[in-house]
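Novice: Below is the sequence, then the predicted model.
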Amino acid sequence: MEVQQIVRLEMDGKYKIILLILLFLSICNCKNQVKTENSGKELIIQNINFLIDSVERFDMSKIPVSEKFKDIKIEKITVGILDSVLIDNEGNLNKINPLKYSKFKMCPNDLVKFKSEYKIKLVKINNYDSNILFVKFSNLKIENNEATIDVKKNIGISMIKERYYFVRKNNFWLFKKKILTGSG
């Protein structure tokens with residue numbers, strides 16, 4: 001009987017150690033995800049004007065009209081940012097690089113540095129309103145001191161998708177370049 005109790009205590013001790021190791025690893029992973037999320041929000045806040053450039057390209061009120069249509073008033077568009085930074089094709093991307101991509105919710109305070117003549121607001125979904133330029137941030141990837149983010153802007157049937165590259169220097173995300181990845 002004593003031998004069985006000793007063996008049971010040894011096994012319980014091993015399980016406790018394994019459980020503590022798993023708990024420690026999960027806490028480390030959570031901290032890493034929170035750090036990536038905070039860095040991602042920081043990147044968007046610091047570079048909101050780079051990420052939401054070329055709004056004029058979609059604004060029909062800037063196009064001169066002929067005499068025939070002079071009486072028709074076209075309103076200036078509003079910029080509507082989808083309230084979540086998403087991961088497109090999440091299953092595939094997370095198989096390649098788990099924990100490198102982040103997703104999170106945005107709040108109105110994240111947009112205060114946006115300097116433009118256009119109004120900006122957070123929206124829940126793209127409802128295809130013809131007077132709102134919908135902006136979607138996705139596939140935010142932060143690795144070491146480099147980051148990429150995809151930005152899709154669409155209004156009606158017009159769309160442009162670009163990938164932005166950033167480098168972190170002295171706790172500030174600096175714009176490096178952007179590449180056009182799609183348009184229509």
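Specialist: That came in fine, so what should we check first? Every value quoted in this text rests on a predicted model; they were computed, and no experiment measured them. Numbers count the residues shown, from 1 in each chain.
Novice: CA atoms for contacts and neighbours, from now on please.
Specialist: OK.
Novice: partner residues bridging the residue nearest to residue 125 when sequence neighbours are not counted?
Specialist: Distances taken as C-alpha to C-alpha, 6 or more residues apart in numbering place residue 82 nearest to residue 125, at 6.3 Å, with adjacent residues excluded. Residue 82 has these beta-bridge partners by DSSP bridges: residue 123.
Novice: I figured residue 82 hits residue 135, correct?
Specialist: Yes: under the criterion of C-alpha atoms under 8 Å, residue 82 makes contact with residue 135 at 6.2 Å.
Novice: The two: which is more packed in?
Specialist: Each of residue 82 and residue 135 has its neighbours counted (other C-alpha atoms under 10 Å); residue 135 has more, 25 against 19.
Novice: Report the buried residues of stretch 105-124.
Specialist: 106, 111, 114, 120, 121, 122 (16 or more other C-alpha atoms under 10 Å).
Novice: any idea how far the residue lying closest to the fourth one once chain neighbours are set aside lies from residue 67?
Specialist: Counting by C-alpha to C-alpha, 6+ apart, residue 120 lies nearest to residue 79, which is 4.6 Å off, once chain neighbours are set aside. According to C-alpha to C-alpha, to the nearest Å, residue 79 and residue 67 sit 29 Å apart.
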